[in-house]
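A.B. asks: Compute the structure for the input listed below.
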Amino acid sequence: AHHTDTRSDALRRARLIVSVTNSFKRILVENGIPAEKIVVIPNGVDLEAFTPGLKPAELEARLGLQGKFVAAYVGTIGMAHGLGTILDAAELLRDRKDIAFVLVGTGAEKARLEADSKARGLDNVLFVGAGPASLAGAYHLARLLAGHNARAAAGSRLELSIAVLEKGSEPGAHTLSGAV
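C.D. replies: Coordinates of the predicted model:
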């Protein structure tokens, strides 16, 4: 109770609170925080760096998604995200073998949703753990490289291997992804 009291007290004393969703703002207001103290600034993404494109063929093959329409959620798998709706949709579309639902991320609800998916026998739902944020950047770099090579003359094409080195929480705990 002490932790909750401390957080509530800090929220009441704050001059301004930034929330990433309107639903979080609503919950704060329902818990007695004045609405005028709360500003909603949604999470965003650099649309120039992350634009829709072709699915990476290697990743598509590794995940068994060849020839399928992929409905994907990428982000925190938390209680406020209502991701059970995705399982409901997957259940309604279970006979459509050309559609797959992919949830990428981690969070408080991941284990419960995985268990629910398994209990419902949803073989059209795939849970993928969250990779490092820089892995998305590596895939973007690979797409840019492929685009460059498609336009470049034979002598100026680039041959690069891309790997992701993630800083560990302590010395020697770094991780290296496979090549992209």
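A.B. asks: From now on I want contacts and neighbour counts done on CA atoms only, so please keep to that.
C.D. replies: Will do.
A.B. asks: Show me the helices in this protein, by range?
C.D. replies: Applying DSSP state H to the chain gives helices spanning 2-13, 22-30, 57-62, 84-92, 110-120, 133-151.
A.B. asks: Could you list the low-confidence segments of the chain?
C.D. replies: Along the chain, the model assigns pLDDT under 70 to residues 1-5, 45-46, 49-55, 130-140, 160-180.
A.B. asks: before we move on, the earlier item: can you redo the helices of the chain as TSV with distance to Lys37 and mean neighbour count?
C.D. replies: Shown next, in TSV, are these (distance: least, CA to CA, whole Å; neighbours: other CA atoms under 10 Å):
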stretch	distance to Lys37	mean neighbour count
helix 2-13	9	12
helix 22-30	10	15
helix 57-62	44	12
helix 84-92	31	15
helix 110-120	32	15
helix 133-151	31	14
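A.B. asks: Now those helices in CSV, please, with extra columns for distance to Val40.
C.D. replies: Shown next, in CSV, are the helices of the chain (distance: least, CA to CA, whole Å):
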stretch, distance to Val40
helix 2-13, 15
helix 22-30, 6
helix 57-62, 35
helix 84-92, 24
helix 110-120, 25
helix 133-151, 23
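A.B. asks: which one of these lies closest to Val74?
C.D. replies: helix 133-151 (10.9 Å; CA to CA).
A.B. asks: so Ile33 makes contact with Arg13?
C.D. replies: No - at 9.6 Å, Ile33 and Arg13 do not qualify as touching, with contact defined as CA atoms under 8 Å.
A.B. asks: ok, now which ones touch the nearest residue to Ile38 once chain neighbours are set aside?
C.D. replies: Distances taken as CA to CA, 6 or more residues apart in numbering place Ile17 nearest to Ile38, at 4.7 Å, with adjacent residues excluded. Applying CA atoms under 8 Å, 6 or more residues apart in numbering to Ile17 gives the contacts Leu11, Lys37, Ile38, Val39.
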